[in-house]
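J.: Turn this into a model:
(one chain, ligands or ions: 1)
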Amino acid sequence: MEHSLYIHIPFCTHRCAYCDFNTYAGQETLMPAYVNALIREIQFIQQRLDQETSRLSDHPTIKTVFFGGGTPSLLSPPQFEAILSSIRSAFALTPNAEITIEANPGTVTYEDLRRLREIGINRISFGVQSANPFELRMLERAHTFFDVIQAVTSARKAGFDNLNLDLIYGLPEQTLASWQTTVRRILDLHPEHISAYALTLEHGTPFGRWASKGLLPLPDPDLAAEMYEWASEALEANGYVQYEISNWAKDDRRPQTVDDNPSSIVHRPPSTVYPPPSFACKHNLQYWRSLPYLGLGAGAHGYAGGYRYSNVLRIKTYIERLTNYQSTNYPFPFSPAAVNRHRQTLEDDMSEYMLNNLRLVKAGVAESDFRSRFGRGLLEVYGREVEELLQSGLLEYQEGTYRLTRRGRLLGNRVFVRFV
Ligand code: SF4
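T.: Numbering: from 1, shown residues only. Have a look, this model is predicted:
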């Protein structure tokens with residue numbers, strides 16, 4: 001079966017005030033030891049796979065690799081090369097595997113990017129967040145929008161033809177006009193993919209603490225909804241296909257509509273009737289389709305072999321666990337860094353399937369796919385929930401598929417909670 005591979009790089013030069021990711025500033029001296037530990041974890045998983053191939057129904061191949069963080073672009077090209085070469089020795093990568101790194105504008109030079117492209121990285125996701133200098137400062141981001149322009153220009157020159165730009169909206173004191181300017185400036189850069197997430201105030205972050213003391217003007221939910229709807233329309237009008245609640249991508253194939261070939265569409269499963277746009281993020285689609293992925297690195301999460309699991313958070317502990325382990329008695333997919341594991345029940349998998357797949361606003365949840373995955377009818381399991389959501393106008397049904405309505409996209413959490 002095809003798996004994805006997530007590699008966590010938990011280093012940042014500075015900790016942004018809203019961030020609750022597992023990332024650490026001021027620990028750059030640990031990078032070489034961390035890269036070695038990652039390589040040991042990759043080799044460890046490979047050995048488990050080799051030993052257990054007979055037990056597993058099918059030896060996994062890897063279709064996507066995603067270096068997330070943190071700020072992966074703080075690693076040097078030779079460090080990426082070492083990690084990628086150990087991935088290639090350990091696993092069978094599918095031809096044209098998508099290999100993404102997250103990068104912060106301002107942390108990459110043209111030379112670095114050229115080298116990264118040469119070693120096989122074929123997609124970059126830049127954390128832009130805003131084009132407004134005041135908003136970037138408030139988020140404590142270290143880059144300017146000028147850095148973004150430079151990073152995109154250098155990436156193009158280095159040969160990258162698949163770029164994502166990440167945005168955040170619903171910022172305190174953000175106006176609709178400043179958000180519109182950000183979206184327009186992003187469109188001027190012609191990325192293949194755009195993500196736009198609403199700011200969330202997380203407990204334990206400076207933003208969360210300031211907001212709880214009333215020191216941060218809270219984002220207005222109505223204004224945030226207006227920003228979302230305006231961006232959805234502007235992006236669609238500029239040729240981006242919204243395939244997930246917060247993600248838009250270019251599609252260089254001719255769109256297929258029901259009128260194209262009605263007879264073939266009737267007989268094909270909905271997943272092929274509504275393929276994602278060609279520049280959709282294949283790695284994230286693996287999550288949204290509830291398909292397996294291995295998580296490596298400090299604090300990484302994985303979903304494979306019937307388990308959800310996560311690795312130890314701290315960088316030093318992660319390195320120690322991969323350096324000094326006594327036992328090799330860890331069945332696939334666990335390495336000595338794994339500290340939490342949960343054996344998935346059928347109910348867990350069905351519930352997560354609904355939560356994840358409903359995020360795919362075009363593909364939605366097809367009754368036929370649910371039955372082929374779980375051997376049960378969707379309405380047999382979730383009849384009452386689906387009926388209520390249809391009645392309240394948050395879900396719609398068409399040709400064997402349930403999807404979020406436009407209102408349902410805005411109130412996604414009210415839908416998802418019904419399947420938990
Ligand atoms: S750069 Fe990204 S990962 Fe690092 S602290 Fe800021 S928001 Fe978090």
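J.: you'd agree L355 is up against V420?
T.: Yes: counting by CB atoms under 8 Å, L355 touches V420, with 7.3 Å between them. For glycine as for every other residue, the C-beta is placed from the backbone atoms N, C-alpha and C.
J.: Neighbour count for these two, which is higher?
T.: L355 (18 against 8; other CB atoms under 10 Å).
J.: hmm, who's touching stretch 74-92?
T.: Residues outside stretch 74-92 that contact it (CB atoms under 8 Å, 6 or more residues apart in numbering): 5, 7, 9, 11-13, 28, 31-32, 35, 38-39, 42-43, 45-46, 49, 59-62, 65, 67, 93, 99, 101, 107, 112, 115-116, 119-121.
J.: Just the buried ones among those residues, please.
T.: 5, 7, 9, 11-12, 31, 35, 38-39, 42, 45-46, 49, 60, 62, 65, 67, 93, 99, 101, 107, 112, 115-116, 120-121 (16 or more other CB atoms under 10 Å).
J.: So for L49, what's the pLDDT?
T.: Per-residue confidence (pLDDT) for L49: 83.
J.: Please verify my assumption that it contacts F334.
T.: No: judged on CB under 8 Å, L49 makes no contact with F334 at a distance of 11.8 Å.
J.: quick revisit: select from the contacts of stretch 74-92 every entry located in helices.
T.: 31-32, 35, 38-39, 42-43, 45-46, 49, 112, 115-116 (DSSP state H).
J.: residues in the protein within reach of the ligand, list them.
T.: C12, R15, C16, C19, F21, T23, G69, G70, T71, N104, G127 (CB under 6 Å from any ligand atom).
J.: mind listing what F44 touches?
T.: L322, Y330, S335, P336.
J.: typo on my end, A225
T.: L410.
J.: The longest strand along the chain pairs with which strands?
T.: Assignment by DSSP state E gives strand 92-103 as the longest strand of the chain. Next to strand 92-103 in the sheet, as set by DSSP bridges, lie strand 61-69 (parallel), strand 123-129 (parallel).
J.: a markdown table please, covering those and showing mean pLDDT.
T.: Shown next, in a markdown table, are the strands paired with strand 92-103 (pLDDT from 0 to 100):
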| stretch | mean pLDDT |
| --- | --- |
| strand 61-69 | 97 |
| strand 123-129 | 98 |
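J.: so which of those strands is the most packed in?
T.: strand 123-129 (a mean of 25; mean count of other CB atoms under 10 Å).
J.: So which of the ones in helices among the contacts of stretch 74-92 sits lowest on pLDDT?
T.: Out of the ones in helices among the contacts of stretch 74-92, that is L49, at 83.
J.: ok, back up a step: of all the residues of the chain next to the ligand, which two lie farthest apart?
T.: Greatest spatial distance among those (CB to CB): R15 and G127, at 13.8 Å.
J.: can you list the domain ranges for this protein.
T.: For the chain, automatic domain parsing gives the domain ranges 2-250, 346-419.
J.: Same list, those domains, but as TSV with distance to L285 please.
T.: Below are the domains of the chain laid out as TSV (distance: least, CB to CB, whole Å):
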stretch	distance to L285
domain 2-250	8
domain 346-419	8
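J.: quick one: what helix or strand has L235 in it?
T.: Using DSSP states H and E, the element containing L235 is helix 221-237.
J.: rewinding a little: closest one to the ligand out of the ones in helices among the contacts of stretch 74-92, please.
T.: M31 (14.6 Å; CB to the nearest ligand atom).
J.: ok, the closest one touching C12?
T.: No: between M31 and C12 there is no contact under CB under 8 Å: 11.9 Å.
J.: possible to save the strands paired with strand 92-103 as a markdown table with distance to L176?
T.: Listed next are those as a markdown table, based on distance: least, CB to CB, whole Å:
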| stretch | distance to L176 |
| --- | --- |
| strand 61-69 | 30 |
| strand 123-129 | 17 |
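J.: With adjacent residues omitted, what lies nearest to I119?
T.: Nearest in space to I119, with sequence neighbours left out and distances taken as CB to CB, 6 or more residues apart in numbering, is E81 at 4.8 Å.
J.: What's the local residue count around the one you found?
T.: E81, neighbours per other CB under 10 Å, totals 17.
J.: how close does the residue of the stretch 201-350 of the chain found nearest the ligand get to C19?
T.: Proximity to the ligand, evaluated over the stretch 201-350 of the chain using CB to the nearest ligand atom, is greatest for T205 at 9.4 Å. Distance, T205 to C19, by CB to CB, to the nearest Å: 6 Å.
J.: just E102 next, same as before
T.: 13 Å.
J.: And A280, by the same measure?
T.: Following CB to CB, the distance that separates A280 from C19 is 26 Å.
J.: how about T205, what does it touch?
T.: Neighbours of T205 in contact, by CB under 8 Å, 6+ apart: A17, Y18, C19, D20.
J.: what do you get if the cut-off is 10 Å, keeping everything else the same?
T.: R15, C16, A17, Y18, C19, D20, F21, A211 (CB atoms under 10 Å, 6 or more residues apart in numbering).
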